[in-house]
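> output the structure for:
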Amino acid sequence: MEQAEREKLLADYCRTRDRDLRNELVTEYMYLADMVARKYAGRGVEYDDLRQIAAMALIGALERFSCDKGLKFSTFAVPSITGVVKNYFRDRSRIIRMPRTIGERVQKITLAREALTQELMRAPTPREIAEKCGYSEADVLEAAEAMQSLSMTSLDAHVGEEEDTELSEMLGVEEAEFENIALRDLLDKVIDKLSEAEKKILRMRYVEERTQRDIAREMGVSQMYVSRVERRMLARFREALREA
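Got it, this is the predicted structure:
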């Protein structure tokens, strides 16, 4: 499916919330869940289990996503899926189970943080999260303290030997931009192997957002040729993501 078709399908789903459309989008965006699952595989949990967890998180991200906030779905979904996988590892590591009331509060705060991030286009403050949830700012801070005191790892600790994201990010502390650096590096490697003609088509299609017909006219080739080159490039990107 071409990018324009995928975006139209996503827009249709945002408007109708049709389950069949959602399931089709899950298939189209499953490579995002695969990417996150592979990143965390080999840390005491089987890849297939992580893939299932990431897939459920992908469904949740689709159901919460709003097309009118100006975010690309992948920009919203990757950190959302990653957060769910991190929470899974945190839950496995806890010695003392968090009281149910606090656990529910943390879950509500996490969902509010995601919604506000999409709405505000930045990480929300504890006060903004509190207003969104109907809590006091003290409730939000108490949830953060509970996470710290009841977990084997502190809010400043890292998840996994190679993970460089702090746990405090899940409670609204200022984050780095959502774009995944590892993914960007991977795509750069694929782009480096493209021919000059392929790079030109890629730039005009996805940076300048021009139509295949417009590109074909400028390059003096057929639209079918542009379409074929685009499909070939996208196949390379998907294959690189599957192997990451």
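> just checking, residue 34 touches residue 54?
Yes - contact criterion CB atoms under 8 Å: residue 34 and residue 54 qualify, at 7.4 Å. C-beta here means a position set from N, CA and C on the backbone, and glycine is covered the same way.
> mind giving me the domain split of this protein?
Under the assignment automatic domain parsing, the domains of the chain span 1-91, 94-178, 182-243.
> now do the residue nearest to the spatial centre of the chain against residue 239, distance only.
Centroid-nearest residue in the chain, with CA atoms, centre = their mean: residue 78, separated by 1.3 Å. Applying CB to CB, to the nearest Å, the value for residue 78 to residue 239 is 19 Å.
> what comes up buried for stretch 32-48?
Buried residues in stretch 32-48, counted by 16 or more other CB atoms under 10 Å: 32-40, 45.
> taking those residues, tell me the two that lie furthest apart.
Based on CB to CB, the longest span within the buried residues of stretch 32-48 runs between 32 and 45 and measures 18.5 Å.
> how many neighbours does the spatially closest residue to residue 136 that is not a sequence neighbour have?
Among residues not flanking residue 136 along the chain, residue 130 sits closest, at 5.9 Å (CB to CB, 6 or more residues apart in numbering). Residue 130: 20 surrounding residues under other CB atoms under 10 Å.
> likewise the one 10 residues further on?
The burial metric for residue 140, expressed as a neighbour count using other CB under 10 Å, is 26.
> sticking with it, tell me its helix or strand.
Assigned by DSSP states H and E, residue 140 belongs to helix 137-150.
> ditto for residue 58
Using DSSP H and E, residue 58 sits within helix 47-64.
> for this protein, which spans come out with low pLDDT?
Residues of the chain meeting the criterion pLDDT under 70: 91-103, 144-186, 241-244.
> need the helices for the chain, in chain order.
Under the criterion DSSP state H, the chain contains helices at 3-16, 19-40, 47-64, 73-93, 100-120, 126-133, 137-150, 181-192, 196-206, 212-219, 223-243.
> now what about the first one, what contacts it?
Yep, that's helix 3-16 we're talking about. Contact with helix 3-16 is made by 1, 18, 21-22, 24-25, 28, 62, 65-68, 73, 205-206, as judged by CB atoms under 8 Å, 6 or more residues apart in numbering.
> ok, of those residues, which come out buried?
Applying 16+ other CB under 10 Å to the contacts of helix 3-16, the neighbour count classes 21-22, 24-25, 62, 65, 73, 205 as buried.
> farthest pair within these?
The distance between the two most remote of those (CB to CB) is 26.4 Å, for 22 and 205.
> about what we covered before: residues in contact with the helix holding residue 58?
Applying CB under 8 Å, 6+ apart, the contact partners of helix 47-64 are 13, 17, 22, 25-26, 29-30, 32-34, 36-38, 40-41, 73, 76-77, 80-81, 83-85, 88, 111, 114-115.
> burial measure for residue 193, as a count.
That count, for residue 193 with other CB under 10 Å as the rule, works out to 10.
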